[in-house]
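K.L.:
A structural model of the following input is requested.
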Amino acid sequence: DDVLDMYEFLSQMFLEADMDGSGSLERDEFFELLQDADLGISAAELHLVLSEADEDDDGEIDYVEFLPVAIDLVQSFKARRSAQKEQDKVQADLSDEALKLLYSGQ
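P.N.:
Residues are numbered from 1 along each chain as shown. I've put the predicted structure just below:
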């Protein structure tokens, strides 16, 4: 299951980055962790994950705060990116068809 794999992946990354075992990461550490994860999301999207994950605005992201928010946001970013790719493909196909019609004189 894709969600379970993502959950395990993000959990493992978080726990490895939590060197002192405190159950939380500083915002900068957390941002770097997500960048290193290469999740296919932009820097702006990473900042959104950070702001959503730090629910109590204490400057640290707790494990409990992080996982549900991160999984939901990453899934929505991937879905949006997939939809955009599909839309781009449809647009390219329409452009190709329009050029064929234009050059065929029909």
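
K.L.:
so how many other residues sit close to Asp58?
P.N.:
Asp58 sits with 11 neighbouring residues when counted by other CB atoms under 10 Å. The way it works is simple: take the backbone N, C-alpha and C, and place the C-beta from them, glycine included.

K.L.:
Does it fall in a helix, a strand, or a coil region?
P.N.:
When classified by DSSP: H, G, I helix; E, B strand; the rest coil, Asp58 comes out as coil.

K.L.:
Run the chain-centre distance for the longest helix seen in the chain.
P.N.:
Ranked by residue count and defined by DSSP state H, the top helix of the chain is helix 63-104. Its chain's average C-alpha position is 14 Å from that of helix 63-104, according to CA atoms, centre = their mean, to the nearest Å.

K.L.:
same check, this time on stretch 56-66
P.N.:
Put simply, stretch 56-66 sits 18 Å off its chain's centre (CA atoms, centre = their mean).

K.L.:
In it, which residues are buried?
P.N.:
Of the residues in stretch 56-66, 60-62, 65-66 count as buried by neighbour count, 16 or more other CB atoms under 10 Å.

K.L.:
what about the host helix or strand of Ser51, distance to the chain center?
P.N.:
Secondary structure from DSSP states H and E places Ser51 in helix 43-53. Helix 43-53 sits 9 Å away from the centroid of its parent chain (CA atoms, centre = their mean).

K.L.:
Contacts made by it with the rest, please.
P.N.:
27, 30-31, 34-35, 41, 61, 65-66, 69-70, 73-74, 77 (CB atoms under 8 Å, 6 or more residues apart in numbering).

K.L.:
top of those by neighbour count?
P.N.:
Neighbour max across the contacts of helix 43-53 (other CB under 10 Å) = Ile61, 30 neighbours.

K.L.:
Now do Glu8 against Asp36, distance only.
P.N.:
17 Å (CB to CB, to the nearest Å).

K.L.:
Correction: the previous question concerned Val49.
P.N.:
14 Å.

K.L.:
Show me the shaky parts of the protein.
P.N.:
Residues of the chain that meet the criterion pLDDT under 70 lie in 1, 106.

K.L.:
Pull the number of nearby residues for Ser24.
P.N.:
Residues near Ser24, counting by other CB under 10 Å: 19.
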